[in-house]
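# here are the coordinates; sequence isn't available:
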């Protein structure tokens, strides 16, 4: 009985199975990982022996596995290439961390049986293949995007401070909407459109790092990468640059919501600089943040304009009662268009207030998560889950509570 060369074993993220037939002492290697067929009266006993041999071959320590395969290689015909130590070492790396399952399948004629050995890798070690959405920013584009993001964030913060502190005169809904459009919506929209020009798909597939953007495809051999350099300042998003062995730097950096999967794949491929990029406070914070999926567009619409309808109904009714003597006072006096215009103004202004409220809690949550990542990196994921829960409670329960406190005598 001959066992296939360990160089033929392949590790992948999905289970794979194939057959190595044994018939009358002649080996027939047709694939991976390992299988046996016993014919001509061998029956179930031969299959059980093959099962035991397969289990020992896969479960033995690395040194024993190497010796067994070396012995098997010495018994092969002269035409078969010998198993080298490099291929044995590569196979052991592929099998490390793998889960092995074996099944005995008798045929209908009871004259042969099959033992299927399935090797399922917990993690792809030698052949990592990871794809992620990214932004491929040249240096100048990253600077422009960072300025737009900072401008929109500062505009929202200043608008919230003005709405909270300004009393004489107060910030009315039309003034609030005008300031929001100029200082928040305009730079945010420009950043969104600008980022779309640099959208890219990044794939790590040995032996290349593949970057596809705007109809272009760039394949960078992993062997030509000297190291990756994580951005110390995650603006406009977390990301990293790439230094090449030629002494040059890749003309653009890669910005991702969570660069950890790409960096882990590069680390498996032994690209320099990835251990440093995956270690530290910023990496822990980014990894935990990436575990929380971003809200979809429909969810954002429900969270802000949709949820804003509830406080808008109360505030608009109070405004109509005070200004026109009843909920339909403006409608009877100035027409439906004026009534709907006022309602839309209050609805939009309430949505802006909810954005400010949610942003304030988000800033506190991110600061808390970053601080915990710095003090206790092992608790970063727990802190992230707690922060998301607190933000949700503060938003959906805090807004009705604020309204209740506002109108209590």
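Cool, got the structure. Note that the coordinates shown come from a computational prediction; the quantities given were computed from them, not determined experimentally.

# which residue ranges form the strands in the stretch 251-400 of the chain?
252-255 (DSSP state E, counting those that start in this stretch).

# Buried residues in stretch 386-396, which are they?
387, 388, 391, 394, 395 (16 or more other C-beta atoms under 10 Å). Placement of C-beta: from N, CA and C, glycine included.

# Next step: the residues you listed restricted to helices.
387, 388, 391, 394, 395 (DSSP state H).

# Nearest spatial neighbour of the fourth one, chain-adjacent residues omitted?
Leaving out its chain neighbours, the residue that sits closest to residue 394 by C-beta to C-beta, 6 or more residues apart in numbering is residue 361, at 4.8 Å.

# Hmm, residue 391 and that neighbour touching each other?
Yes: with contact defined as C-beta atoms under 8 Å, residue 361 reaches residue 391; the gap is 4.9 Å.

# Flag the shaky bits of this protein, pLDDT-wise.
1-128 (pLDDT under 70).

# need the longest helix for it.
The chain, longest helix under DSSP H: helix 336-375.

# Can you verify residue 202 is assigned to a helix?
No: according to DSSP: H, G, I helix; E, B strand; the rest coil, residue 202 belongs to no helix; its state is strand.

# and the closest residue to it other than its chain neighbours, what are its bridge partners?
Closest residue to residue 202 apart from its sequence neighbours, by C-beta to C-beta, 6+ apart: residue 134 at 4.6 Å. Residue 134 has these beta-bridge partners by DSSP bridges: residue 200.

# Can you name the residues that contact residue 134?
199, 200, 201, 202, 239, 254, 255, 256, 262 (C-beta atoms under 8 Å, 6 or more residues apart in numbering).

# could you redo the last one with a cut-off of 7 Å?
200, 202, 254, 255, 256 (C-beta atoms under 7 Å, 6 or more residues apart in numbering).

# May I see those residues arranged in JSON lines, with neighbour count and distance to residue 228 as well?
Formatted as JSON lines, those follow (neighbours: other C-beta atoms under 10 Å; distance: C-beta to C-beta, whole Å):
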{"residue": "200", "neighbour count": "21", "distance to residue 228": "16"}
{"residue": "202", "neighbour count": "22", "distance to residue 228": "12"}
{"residue": "254", "neighbour count": "25", "distance to residue 228": "9"}
{"residue": "255", "neighbour count": "25", "distance to residue 228": "13"}
{"residue": "256", "neighbour count": "21", "distance to residue 228": "12"}
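
# nearest to residue 176, of those?
Sorting the contacts of residue 134 by distance to residue 176 puts residue 255 at the head of the list, at 31.9 Å, by C-beta to C-beta.

# What's the separation between the closest residue in space to the closest one that isn't next to it in sequence and residue 269?
Nearest non-adjacent residue to residue 255, counting by C-beta to C-beta, 6+ apart: residue 239, 3.7 Å away. As for residue 239, its distance to residue 269 is 19 Å (criterion: C-beta to C-beta, to the nearest Å).

# More neighbours: those two, which one.
residue 239 (25 against 21; other C-beta atoms under 10 Å).

# My guess is the more buried one contacts residue 232. True?
No: contact criterion C-beta atoms under 7 Å: residue 239 and residue 232 do not qualify, at 10.8 Å.

# Check the gap between the residue nearest to residue 202 and residue 271 for me.
16 Å.

# Equivalent analysis for residue 159, please.
44 Å.

# helix or strand for residue 143, which one?
Residue 143 belongs to helix 139-165 when assigned by DSSP states H and E.

# burial count for residue 406?
Residue 406: 11 neighbours (other C-beta under 10 Å).

# Report how many residues lie close to residue 270.
9.

# Equivalent analysis for residue 228, please.
If we define neighbours as other C-beta under 10 Å, then residue 228 has 26 of them.

# Tell me if I am right that it is in a helix.
No: using three-state DSSP, the secondary structure at residue 228 is strand, not a helix.

# Test my guess that it contacts residue 275.
No: checked against C-beta under 7 Å, the pair residue 228 and residue 275 is beyond contact range at 10.2 Å.

# Next one: the residue nearest to residue 394 from residue 386, what distance?
In terms of C-beta to C-beta, residue 361 sits 13 Å off from residue 386.

# do residue 200 as well
Counting by C-beta to C-beta - residue 200 and residue 386 are separated by 34 Å.
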